[in-house]
Structures are given as C-alpha cells and as structure tokens.
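J.: Turn this into a model:
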Amino acid sequence: MALYYSSLVAAILLGIAGQIALKSAANVSATIITQFLNPLTMIGLAVYVFAALCYILALKKIPVSIAFPSVAASYAIHHIHSLNDLAENRVASIEMRLR
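T.: The predicted structure follows:
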C-alpha cells in the first residue's frame, strides 16, 4: 500500500513541477508558437504525463474520495509558491517606479 501512497505524493509533486515549468516557459515566450517550442514547455508537458501515470497507479488501490482531495492540495502548494513570485514581481515593479 505504501507504493500507492508514494505514487500519489509523486503525482502531486510532479504536477506542481509541471505547472511551474509551463509558467516559466510562458513568461519568456513572446508568442504561442515560441512557447510550444520552448524546451520548458516540452519538459512541463512530459512531467504532467508522468504525474498522470503516477496518479493512475495510485488510483488502483486508493479510493478516489481520498486521492482527489489529496491532489487538490497541490493547488494550495502552488498558490503558496506563486505568492513568492508575486512578491518578487511587486518589488521589481516598485523599484522600476522609483527610477
């Protein structure tokens, strides 16, 4: 059973990593074409596929009533991470206004 819970945790963490990679690619891409050709986008999508495979493995033994809320926790973790980015962007914005 530990394998399935480990797989669930891996799915959550890989999902977060995939989101961060996709966001990082979006930040540096000028057009949608350059974003899809960006290596970070390709890595982010590959990480998402691997996260989905881990989630499928976890669902073999873990009830959806437990697995689904656990995956929802990834949104809270990602939100906390994005607050750090937002704070950095605010500081940069304030610094630019002061110049």
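J.: in this protein, what spans have low per-residue confidence?
T.: Scanning the chain for pLDDT under 70 picks out the ranges 84-99.
J.: at 90 what do you get?
T.: Within the chain, the stretches with pLDDT under 90 are 1, 16, 19-20, 23-24, 26-30, 66-99.
J.: Return the residues in contact with Ala73.
T.: Ala73 makes contact with Ile12, according to C-beta atoms under 8 Å, 6 or more residues apart in numbering. Glycine gets a C-beta too; all of them are placed from N, C-alpha and C.
J.: tell me the SS of it?
T.: Ala73 falls in the helix class when you classify it by DSSP: H, G, I helix; E, B strand; the rest coil.
J.: Compute the distance between it and Gln35, please.
T.: With distances taken as C-beta to C-beta, to the nearest Å, Ala73 is found 28 Å from Gln35.
J.: just checking, Met1 touches Lys60?
T.: No - under the criterion of C-beta atoms under 8 Å, Met1 makes no contact with Lys60, lying 10.6 Å away.
J.: State the phi and psi torsions of Leu45.
T.: Geometry field for Leu45 lists phi and psi as phi -70, psi -40, criterion degrees, to the nearest 10.
J.: neighbours around it, how many?
T.: Using other C-beta atoms under 10 Å, Leu45 is surrounded by 15 other residues.
J.: from now on call the first residue 33
T.: All right, first residue 33 from here; so that's Leu77.
J.: Next, work out how far apart it and His113 are.
T.: If you measure Leu77 against His113 using C-beta to C-beta, the figure is 19 Å.
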